[in-house]
Every structure is written in structure tokens, then in C-alpha cells.
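> Build me a model from this:
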Amino acid sequence: MIAASVMDYRELARRRLPGILFDYIDGGAYSEATLRRNVEDFAQILLRQRVMRDVSQVSLGTELFGQACAMPVALSPVGLAGMYAKRGECQAASAARAAGVPFCLSSMSTCGLDEVTRAAGPIWFQLYMIRDRGYMAELLAQAGELGCPVLVFTVDLPVAGVRYRDVRSGASGGRLAQRLRTAWDGATHPDWLWDVHLRGRPHTFGNLVRAIPEAKGISDFWAWVKGNFDPSITWADLEWVRARWKGPIVIKGVLDVEDARQAVASGADGLSVSNHGGRQLDSVPSAISALPAIVEAVGERTTVLMDGGVRSGLDVVKALALGAKGCLIGRAWAWGLAGRGEPGVAHVLEILRAEMEVALALTGCTDVRALSREVLA
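Numbers count the residues shown, from 1 in each chain. The predicted structure is shown next:
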């Protein structure tokens, strides 16, 4: 199959991955209404086509938290990406570095911080507030020592969302019949079986190995993770994080204007308007529909990013026209990784870059940093 778009890579990922893994990355909470809305609301935004504007030179370069970026895109944290391709986080981070954009490692990654930074240099790091504050402090210290320039602090997961696809597939724990179907599913995907299951070991949560050295497999790590999500988190906890992290902190998971104001008042250097890709609370607004009001409220005082539903370079242009300084992409790069490994991630980023260049040229804008509502119809 020739991949021409991000959605083509979704199909390649669907073909290559066992169903339990494809549903884990592709699915959302409850009936997945918000997941669909994230994409559909982007489609409702129209661009203003302009002509005769001298667009012979178009620039996508920008800066995020002091880091020069070839385009206003960063790879969002995706848990267990190492189960989509052999040592997947290392491959994705290398592709991001080659493309000149940031890569953010999930704290729930298969490959640990030390392994990924050896492969790709300094990366952004994502962390949740967890009950074991001692181990959380260790992770923050390790990220600082390894030169991670930005901490992405995800706050919209005090409890895990209800994801029906994961229940049906057995990803959230299943009966014997489900486990047998999962084993058969893996065995009937030979490319994945050879690349990941056999050659991609160890299958662990690389950042959590020191916390639970007795863990023998993914299920043991999941049990620790689920027991360590902290539903008591408040804005006061950001002070605890700030005392242990000297670089920029981006609060990820803000969807409400009042929460955005509180994030800034609590010292956040940036925030990402996000509903966790529709994977947490269903029936909430799309990230792109929530973006304008948040930009209006805090955009002059902090760096506003957004994630959720970005499937093309056109979507990135629309988000920046509505005030975002950049977009985090999650499923897009995970599909690329699952479909074709590092070359797949590199191609996804190239697709986004080319689509942005064309969109800027045909809206008469020559610099991505100058995007505004003027390019919207």
C-alpha cells in the first residue's frame, strides 16, 4: 500500500498490529463521541483562499520553549509505543530529531529515558502525578540529569477513563477466552510477531523498572500504574513539581478557561489544550473548539499548544490560526511507527510539513508565525 496521508498510515497500522494493540491506540472513551468530534470539528473550519500574494518563499520555522523547531509540531507522549515497533520510542525520537521537531517521551513508555536519550539526544519528558512521590522525584531528577529541556505534566488522568474497546479486546484484563484470542491474534500477525514480540524485548515500562524490580511483564507494570494514579491531585501539587524541576513546565489536559487561568496563576510555562485524545471523559468539547477561548484568556501570558484530532498539516494551520503556537500529534506518529517504523514516522512528519507549506501558500501567508484568523473563511 502506498501511503499518501496520515490516515493511510492508520490503515497500515491496522493491518500490521494485533487487534488488542490497534484498538488501544486507536480507541477512545465510552462511545467515542469526543474522539470523533476532535476530528470532525477541524473539518468544519474553513480556510480563506488568496491569490497573487508572492508565496515563492514559505517559512515553517518557529521556536517552542527556547528550542528551534523546523515546524510548529511536536510528537506527543504515547504510552507503550515500543509495542508498535521494535524499541519504538527510540525509532520515533530519532525520526523527530532528523525532522527538527521535539519528541516527548511518555513516562509509560516501553523504552526508558536513558535508552531514548542515548538514541536521539535530549527529549521532552511527560509525567503524571503519582502516589509514590519518592519515585516521582527520582524520575524528575533523572530527566534533568539527562538534559530533558521541557516537562509535560499531564493532569487529566486522576482516574483512568472507561474505554470499551479495551474491555472487549482484553487489554484492561480479560477472561481465558479473551487471552486465547489475543494470543492467536498476535500469532497471526507475523511481521509484528518477529519485529516486536521476538526482537523488541524487553517488554516493560522502561521508566518504572526501578520502582517495581520484581515485575515480570506488562500486566505487573499496569497493576502498579493503576494503583499509583493520584486522584487527590490539586494545583498546589504543581508547587511540589516546580521545586524539583527547573525547566519549562507544560500543563497538558486543560479544556476549561478557568483551569487555564489557574494553570498560569500556578506558574505553568505553557499548556496544551487537550481532552486526552478523547480517551478520558466522553461528551466533552473537542480540543480545537475549546482552543479560542483559552487563547483569549491566557494566550498573552503563556505558550498555548493543543492536541487532539490533528490528522493533517491543514489541521495544524487551522490551530495556529486560532492562536495555538504549536500542535502535539499523538496517534498520527503512532500509526506511522506501527505501519513502517522510523521511516513511517519520518514520512508522517514529511506529509505534515508538505501539507502546511501548501496551505500557507494558498492562503497567502508566507510565515507560519504570522498565521491568524485572517486565513480563515
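> Give the residue spans of the stretch 201-350 of the chain that score low on pLDDT.
Applying pLDDT under 70 to the stretch 201-350 of the chain flags no residue at all.
> the helices in it, which residues?
Taking DSSP state H, counting those that start in this stretch as the criterion, the stretch 201-350 of the chain carries its helices at 218-228, 237-244, 257-265, 287-298, 313-321, 331-362.
> most packed of the ones you listed?
Ranked by mean neighbour count, the helices of the stretch 201-350 of the chain are led by helix 313-321 with a mean of 25 (mean count of other CB atoms under 10 Å). (C-beta placed from N, C-alpha, C; glycine too.)
> wait, what's in contact with the residue nearest to Pro72 when sequence neighbours are not counted?
In space, and not counting its chain neighbours, Pro72 is closest to Gly326: 4.0 Å by CB to CB, 6 or more residues apart in numbering. Residues in contact with Gly326 (CB atoms under 8 Å, 6 or more residues apart in numbering) are 62, 64, 69, 72-74, 303, 305, 320.
> And Gly326, how far from Cys104?
From Gly326 across to Cys104, the span is 12 Å (CB to CB, to the nearest Å).
> hmm, which two among the contacts of Gly326 are most spread apart?
Distance extremes for the contacts of Gly326: the farthest pair is Val73 and Thr303 at 14.2 Å, using CB to CB.
> who's more crowded, the two?
Set Val73 next to Thr303 and count neighbours by other CB atoms under 10 Å: Val73 wins out with 30 against 19.
> With adjacent residues omitted, what lies nearest to the more buried one?
Spatial nearest neighbour of Val73, excluding adjacent residues (CB to CB, 6+ apart): Val101 at 5.2 Å.
> Let me know the secondary structure of that neighbour.
For Val101, the assignment made with DSSP: H, G, I helix; E, B strand; the rest coil gives coil.
> Could you check how many residues crowd around it?
Neighbourhood size, Val101 [other CB under 10 Å]: 24.
> show me the residues around it that make contact.
Val101 makes contact with 69-71, 73-75, 349 under the criterion CB under 8 Å, 6+ apart.
> Go again with 6 Å.
Shown in contact with Val101 (CB atoms under 6 Å, 6 or more residues apart in numbering): 69-70, 73-74.
> For Ser109, state which of these is nearest.
Of all the contacts of Val101, Ser109 sits closest to Ala74, with 15.5 Å by CB to CB.
> quick one: Val317 from Ser372, how far?
In terms of CB to CB, Val317 sits 11 Å off from Ser372.
> nope, Leu146 is what I meant
Distance, Leu146 to Ser372, using CB to CB: 37 Å.
> before we move on, what about Gly267?
In terms of CB to CB, Gly267 sits 28 Å off from Ser372.
> Looking at the two, which is more packed in?
Shown here are Gly267 and Ser372; by other CB under 10 Å, Gly267 has more neighbours (14 against 11).
> Just give the closest residue to the more buried one, not the sequence neighbours.
Counting by CB to CB, 6+ apart, Gly267 lies nearest to Arg242, which is 5.7 Å off, once chain neighbours are set aside.
> Quick check on the residue nearest to the spatial centre of the chain: phi, psi?
What sits nearest the mean C-alpha location of the chain, by CA atoms, centre = their mean, is Ser76, with 2.4 Å. Per-residue torsions, Ser76: phi -70, psi 150 (degrees, to the nearest 10).
> what does the one 3 residues further on give?
According to degrees, to the nearest 10, the main-chain angles of Gly79 amount to phi -70, psi 150.
> Quick check: it vs Gly309, distance?
Applying CB to CB, the value for Gly79 to Gly309 is 19 Å.
> Who has more neighbours out of these two?
Comparing Gly79 with Gly309 by neighbour count (other CB under 10 Å), the higher total belongs to Gly309, at 28 against 19.
> Great, nothing more from me.
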